[in-house]
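>>> Prediction below, plus the sequence it came from.
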Amino acid sequence: MSESKVITHQSDPAKRARLRWRARRGLLENDLILTRFLDANENSLTDEEVDAFSRLMELSDNTLMDLIMAKKQPEAEVDLPHVHALLLRLQTA
């Protein structure tokens, strides 16, 4: 029986680089908030937090800014407990 190694975000430099690239946004405010957050927290993000971050990166810049500024609450595919938790961290960063 062979063991298969699960490659997580933290153990895969390509995944980490892709996450950082996706954090680059057209809206400067989002770009600054996300880049600063990653600068401070990237090495300690759990796979669940990486999933939440990835889900947020799928949103439009305006929707993302509204969530970060707590003007709106997550809906549909981002209305998940781990996304809410990451948004709280982003809001206090």
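Yes, it's here. Numbers count the residues shown, from 1 in each chain.
>>> Which helix runs longest in the protein?
In the chain, ranked by residue count with DSSP state H as the criterion, the top helix is helix 28-41.
>>> Quick one: mean pLDDT over that one.
Model confidence over helix 28-41, given as mean pLDDT, is 91.
>>> Counting neighbours, which bits of that helix end up buried?
For helix 28-41, the buried set under the neighbour-count rule, 16 or more other CB atoms under 10 Å, comprises Asn30, Ile33, Leu34, Phe37, Leu38. (C-beta placed from N, C-alpha, C; glycine too.)
>>> nearest to Asp61, of these?
Distances from Asp61 to the buried residues of helix 28-41, taken as CB to CB, are shortest for Asn30 (5.5 Å).
>>> Can you give me every residue that contacts the closest one?
Remark: with contacts taken as CB atoms under 8 Å, 6 or more residues apart in numbering, Asn30 is in contact with Asp61, Leu64, Met65, Ile68.
>>> For the third one, report the pLDDT, please.
At Met65 the predicted local distance difference test score is 94.
>>> Ok, the one 3 residues further on next?
According to the per-residue confidence, Ile68 scores 95 in pLDDT.
>>> pretty sure it is touching Arg89, no?
No - distance between Ile68 and Arg89: 10.4 Å, which falls outside the contact criterion (CB atoms under 8 Å).
>>> Quick check: neighbours shared by those two?
Taking CB under 8 Å, 6+ apart as the contact criterion, no residue touches both Ile68 and Arg89.
>>> okay, those two: which has more neighbours?
Neighbour totals were compared for Ile68 and Arg89, and Ile68 leads with 19 against 15 (other CB atoms under 10 Å).
>>> Give me the neighbour count for Ala93.
Residues near Ala93, counting by other CB under 10 Å: 14.
>>> which two in the contacts of Asn30 are spaced the farthest apart?
Comparing all pairs in the contacts of Asn30 by CB to CB, the longest separation belongs to Asp61 and Ile68, at 10.4 Å.
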